[in-house]
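*Asks:* pasted the sequence and its predicted model underneath.
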Amino acid sequence: MAVPESLVLATRNPHKLAEFGRLLSPHGITVQALPDDIELPPEDGETFAENALLKARAAAAATARAAIADDSGIEALALDGRPGVRSARYAGPGATDEQNLAKLMSEAPAGSELRYVCALAYVDRGAGIERIFVGECDGRLASERRGARGFGYDPAFLPDGDHGERTMAELTEREKDEISHRGRAVMELLTWLSASS
Ligand code: ITT
């Protein structure tokens, strides 16, 4: 199987589109946005992997192209892993990033352990292939929001490692990509693609 020149990304989140573009274009893979008229299915799976597969299958079927999708979120140890797969709707259906983050900061103590998880689905119907790649990124909850980069829960996520007390939203794009759950899942995808070509 040849490494694809382009992949359709099944998302309506422009931040994910930008991150996947940054992560894949240096490897010769163009990321194509999902056409507006294609509807993504409801994310009613119980796991990140199930939801990612639902999205990637829908995009692959509708476009007749190889597609990827990520279902991602944040798990708080102090909340027994919540919000997890419900991260996008933690503060209710249609909640904004700001509302979801405010709820997390009101329920989990500052300094408590967090984990970002990304399940990345790859679906190529022509080749009969469906694969899931998982990336994780550990950190802690900041006591206050800082930074303007990234999205979602990034302003209050202090990644483990040598980043001082900077939140994910204060890291450069390159720094985030190197350690993020999404960056790690993409590395797994790239390793598999090159091993199977
Ligand atoms: P699509 O389903 O259209 O891809 P979405 O934003 O709804 O877009 P998810 O269902 O995967 O995506 O929900 C992901 C949730 O986790 C959402 O609340 C994000 O803000 C948050 N999240 C995921 N990755 C993140 C990251 O890198 N930084 C901050 N928050 C992130």
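*Replies:* Nice, thanks for sending it over.
*Asks:* residue contacts, the residue in the chain that the ligand sits nearest to?
*Replies:* Minimum separation of the chain from the ligand (CB to the nearest ligand atom) falls at Gly152, amounting to 2.2 Å. For the C-beta atoms, the positions are set from N, CA and C on the backbone; glycine is no exception. By CB atoms under 8 Å, 6 or more residues apart in numbering, the contact set of Gly152 is His15, Ile74, Ser87, Asp97, Asn100, Leu101.
*Asks:* so which elements touch the helix or strand that contains Leu189?
*Replies:* Secondary-structure element containing Leu189, defined by DSSP states H and E: helix 181-195. Where contact means 3 or more CB pairs under 8 Å, 6 or more residues apart in numbering; DSSP states H and E, helix 181-195 is packed against helix 14-24, strand 67-76, strand 113-124, strand 129-141.
*Asks:* which residues sit against that helix?
*Replies:* Defining contact as CB under 8 Å, 6+ apart, one finds that helix 181-195 is touched by 1, 3-4, 16, 19-20, 23-24, 27, 68, 70, 72, 116-120, 122, 131, 133-137, 176-177.
*Asks:* up against the ligand, what does the protein have?
*Replies:* Listed as neighbours of the ligand in the chain under the rule CB under 6 Å from any ligand atom: 11-13, 16, 43, 71-73, 87-88, 97, 100, 150-154, 180, 182.
*Asks:* from these, keep the buried residues only.
*Replies:* Using 16 or more other CB atoms under 10 Å as the burial test, the residues of the chain next to the ligand include 11, 16, 43, 71-73, 87-88, 97, 100, 150, 152-154, 180, 182 as buried.
*Asks:* out of these, which one has the lowest pLDDT?
*Replies:* When these are sorted by pLDDT, the bottom entry is Glu43 at 91.
*Asks:* wait, is it part of a strand?
*Replies:* No: checked against DSSP: H, G, I helix; E, B strand; the rest coil, Glu43 lies outside a strand; its state is coil.
*Asks:* what is the end-to-end distance of stretch 3-19?
*Replies:* Distance between the two ends of stretch 3-19: 20 Å, counting by CA to CA, to the nearest Å.
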